[in-house]
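1. need coordinates for the following:
(2 chains)
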Number of protein chains: 2
Amino acid sequence: MNAEIIAVGSELLLGQITNSNARFLSNHLAELGINVYYHTVVGDNSERLKDTINIAENRADLIIFTGGLGPTKDDLTKETIARHLGTTLEMDHEALDSIVAFFERAGRAMTENNKKQALVLKGSEVLVNHHGMAPGMLYKTETHTYMLLPGPPKEMEPMFQYEAKPKLAKLLNQADVILSHVLRFYGIGEAELEDRIQDILEQQTNPTIAPLASDGEVTLRITAKTNTEEQAWKLIEEAKATLLERVGDYLYGYDNDSLASKAIDLLREQQKTISAAESLTAGLFQSELAAVAGASWVLAGGVITYNEEMKISQLGISSEVLARFGVVSEETAVAMAQAVRSKFNTDISVSLTGAAGPDAHGDQPAGTVWIGIATEEETKAYRLQLSGMRNTNRLRAVKLALSYIIRTLTDGNARKI
Amino acid sequence: MNAEIIAVGSELLLGQITNSNARFLSNHLAELGINVYYHTVVGDNSERLKDTINIAENRADLIIFTGGLGPTKDDLTKETIARHLGTTLEMDHEALDSIVAFFERAGRAMTENNKKQALVLKGSEVLVNHHGMAPGMLYKTETHTYMLLPGPPKEMEPMFQYEAKPKLAKLLNQADVILSHVLRFYGIGEAELEDRIQDILEQQTNPTIAPLASDGEVTLRITAKTNTEEQAWKLIEEAKATLLERVGDYLYGYDNDSLASKAIDLLREQQKTISAAESLTAGLFQSELAAVAGASWVLAGGVITYNEEMKISQLGISSEVLARFGVVSEETAVAMAQAVRSKFNTDISVSLTGAAGPDAHGDQPAGTVWIGIATEEETKAYRLQLSGMRNTNRLRAVKLALSYIIRTLTDGNARKI
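-> This is a model prediction of the structure:
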């Protein structure tokens, strides 16, 4: 089964929002073994949407639409599809009841245009919207399957995952087993990693091996297609062993691991707690840890000292150290890490101080960052010279700090990271 | 001039990354008055890329490609375009020199496959890559303009902005002036806002008025197209006055304002400082403020007390308050806000405590959040009941906290927010 994902919405073409729905859906379709060959974005324009549907019908069996199901005049996805397929729209009374209830709960008056949201394609299976008002639809013809989903991700994502995906899996009636396993690396560039495994990449057939770089990380996705789950895992494990022999030094995790989730897993395994003193990142390091459910097992908290004064009053950094070495220095990073570790009484601590940009910080150019890591045994500091924009630098500093935590916790492991 | 943006990369179709480039480019093209009618994503597959180019040539004058210019075997954008257009690739020696220099600076060995990045379409204008290795290209035929840009946003964005955009503006030789102005609202739903201005939306011709909802915010974009800049601003100002009469109560800012930048602007204007005590958001509130350049004028810092113990030891919250009312309570939010305000000696302070989810916090269900705002005069607390996933709830709590700060700082202003 081949799929195309069509996002409908002029706000996407005006660059006001990002098509994150296409990513979410593609990820889940890949899991089902459905090939996605195209994403298309088209505006709130009936003619152009019709042209887009015609093109998609020539190159996909499954066409998934997101957006254009809302209450306003420019929401015209289902109207256009109904005309194109020669069917009509009818009121779904359950959806209407739920819209009325939605307004009652919110204590807001329901305006007339909201009723339009409860209209569905005649003959379609309705997908219930538990997080918003407009229902989704699944509509089948002899040649194609059409799925209509709402645009807002917080409505679309649970609707797809819990309502639509099981129905698709049933439609597929899969003969083959397709399994994927992702290896995650940090601290090596994409070209260098690929160069080291060039011959393996050239010989790949089943499993396939796909490298990918993003935000300083590189991943290798191993995908096996065979008759049984057992056989698929065997193929994956063999490929994995060969790959790790070459580049295992840079491996930090698998599949849905992130640097943050990996750091939290290691801390939990070793029953260690963590705290942080943040300056340029202003809480982003701790927030990344807290984005992982279960962070409360290991994250005690920390201090944000965004200006110099607070480094003195809140962390007790000596004004002499600050005057002599500067706020962005090895000495300050070390003092901050040690201070927060003792103040929050944790096993390990991190400090981040630097010039995020666009401005320099005294004689330290934009992009200079010091990261301190303190444990009971020792305190280390690492200097970074980043070259991105302000918020790219802040995020990169956080990711590097996470990678140093992982390295510190796995030192016995002979991994470089 | 009509444009189509084609992103090339199987990782997009596998859902491993989001096509944020299309958003960035669309935004800038809209500023130039170039209509973007389609975004397409296609994999690292020469045949399908060729089909995509054929379709795009039928519906766009300007075709912008992102991705597939890298060093690896599956990077095939320029090779495919060269074949399609009947031209060849040639080595760009400046680009090659800069690639060699890039590896020298990074202190890494340059592998052979990296040289391929310096090949460009014969007859194209080269766009220099100041943040990476692969150069971009601008190639013109009698009927179409083709632009090739690298995939990584941190390379593509500055290349487009500083190298490509001025060249496009020159190509356009614009007769008309097109200006846009965005009004930003918080605290009102899209349907309700639209309902209040329905008659205006129906009568719009020039300027046009486009509503958009995203992440709890609603915006109205007013776009005027006319002969002079002065005339365009006059049209925009008239439309703006009419709109604000109806929905001005919910306005918080304009154009590139965000809730965070608006809060910082107000604090700077009023020469006030801010601090925060964060629990469920674990630094995300302060990090959002610090994402705005210039935050250091007003943000002193704060404390992250991720577990109960730290609320006692770091903020001096009484264990009786915590035992009697719970960690997620009005009383705790008030005590946290007051404690951090006094500890960091700021004019205003914020506290955030709640259950982000997926788990409840004692008898408080997931999604329950208390936000405290303390000033010299008074401390207020607001209860939220959010219904999203863990990280949606954390972000929504931060945005609401920012809106309460704005409200607190503009109270004399008769705005609801």
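
2. what count of nearby residues applies to the residue in chain A positioned nearest to chain B?
-> Nearest residue of chain A to chain B, counting by Cβ to the nearest Cβ: A:Gly283, 2.1 Å away. All C-beta spots, glycine's among them, are computed from the backbone N, C-alpha and C. Residue neighbour count, defined by other Cβ atoms under 10 Å in any protein chain shown, stands at 29 for A:Gly283.

3. name the nearest residue to it, ignoring sequence neighbours.
-> Counting by Cβ to Cβ, 6 or more residues apart in numbering or on different chains, the nearest residue to A:Gly283 once its immediate chain neighbours are dropped is B:Gly283, at 2.1 Å.

4. next up, the contacts around A:Ser296.
-> Residues counted as contacts of A:Ser296 (Cβ atoms under 8 Å, 6 or more residues apart in numbering or on different chains) are A:290, B:306-307.

5. helix/strand/coil for it?
-> helix (DSSP: H, G, I helix; E, B strand; the rest coil).

6. distance of it from B:Asp249?
-> Separation of A:Ser296 from B:Asp249 (Cβ to Cβ, to the nearest Å): 39 Å.

7. got it, and A:Leu149?
-> From A:Leu149 to B:Asp249 the distance is 33 Å (Cβ to Cβ).

8. and if you look at A:Ser258?
-> From A:Ser258 to B:Asp249 the distance is 41 Å (Cβ to Cβ).

9. neighbour-wise, which of the two wins?
-> Neighbour totals were compared for A:Ser258 and B:Asp249, and A:Ser258 leads with 17 against 13 (other Cβ under 10 Å).

10. leaving out chain neighbours, which residue sits closest to that one?
-> Nearest residue to A:Ser258 in three dimensions, chain neighbours excluded: A:Val292, at 7.5 Å (Cβ to Cβ, 6+ apart).

11. and the one you found, what does it touch?
-> A:258, A:260-261, A:264.

12. looking at these, state which has the most neighbours.
-> Neighbour counts for the contacts of A:Val292 (other Cβ under 10 Å) peak at A:Ile264, which has 25 neighbours.

13. how about that residue: what's its closest non-neighbour residue?
-> Counting by Cβ to Cβ, 6+ apart, A:Ile264 lies nearest to A:Val292, which is 5.1 Å off, once chain neighbours are set aside.

14. ok, A:Glu288 next?
-> Sequence neighbours aside, A:Ala260 is the residue nearest to A:Glu288 in space, at 4.7 Å (criterion: Cβ to Cβ, 6+ apart).

15. what of A:Leu13?
-> Leaving out its chain neighbours, the residue that sits closest to A:Leu13 by Cβ to Cβ, 6+ apart is B:Val36, at 4.6 Å.

16. give me the low-pLDDT residue ranges for the stretch 151-300 of chain A?
-> Low-confidence segments of the stretch 151-300 of chain A (pLDDT under 70): A:173-176.

17. just checking, next helix/strand downstream of the strand or helix carrying A:Glu245?
-> Per DSSP states H and E, A:Glu245 falls inside helix A:229-247. Using DSSP H and E, the helix or strand that directly follows helix A:229-247 along the chain is strand A:251-254.

18. that following strand near chain B anywhere?
-> No. Using Cβ under 8 Å from any Cβ of the partner chain, strand A:251-254 stays clear of chain B, with a minimum separation of 14.4 Å.

19. show me which residues of the stretch 151-300 of chain A are close to chain B?
-> Contacts of the stretch 151-300 of chain A with chain B, taken as Cβ under 8 Å from any Cβ, map to A:152, A:154, A:189-192, A:194-195, A:198, A:201-202, A:210-214, A:219, A:221, A:276, A:278, A:280-287, A:289-291, A:293, A:295-296, A:299-300.

20. next: the stretch 301-417 of chain A.
-> Counting by Cβ under 8 Å from any Cβ, the residues of the stretch 301-417 of chain A close to chain B are A:301-307, A:309-310, A:313-314, A:343-345, A:356-359, A:387-392, A:394.

21. of the residues you listed, grab the buried ones for PyMOL.
-> Here is the PyMOL selection string for the buried members of those, based on 16 or more other Cβ atoms under 10 Å in any protein chain shown:
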select buried, chain A and resi 301+302+303+304+305+306+307+310+313+314+343+344+356+357+388+389+390+391+392+394
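
22. the residues of the stretch 301-417 of chain A next to chain B in strands, which ones?
-> Members of these lying in strands (criterion: DSSP state E): A:301-305.

23. now those residues as TSV including pLDDT?
-> As requested, these are arranged in TSV below (pLDDT from 0 to 100):
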residue	pLDDT
A:Gly301	96
A:Gly302	97
A:Val303	97
A:Ile304	97
A:Thr305	96
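
24. any idea how far the one helix or strand A:Ile81 maps to is from the middle of the chain?
-> Element membership for A:Ile81 (DSSP H and E) is helix A:77-85. Averaged C-alpha coordinates place helix A:77-85 at 32 Å from its chain's average position (Cα atoms, centre = their mean, to the nearest Å).

25. can you tell me if that helix touches chain B.
-> No. Using Cβ under 8 Å from any Cβ, helix A:77-85 stays clear of chain B, with a minimum separation of 15.4 Å.

26. after that helix, which helix or strand is next?
-> Criterion used, DSSP H and E; the element after helix A:77-85 is strand A:89-91.

27. in terms of secondary structure, what does that following strand contact?
-> Under the contact criterion of 3 or more Cβ pairs under 8 Å, 6 or more residues apart in numbering or on different chains; DSSP states H and E, strand A:89-91 touches helix A:77-85, strand A:119-121.

28. buried sites along the helix or strand just after the last one?
-> Towards the C-terminus, the helix or strand next in line after strand A:119-121, according to DSSP H and E, is strand A:125-127. When burial is assessed from 16+ other Cβ under 10 Å, strand A:125-127 yields the following buried residues: A:126-127.
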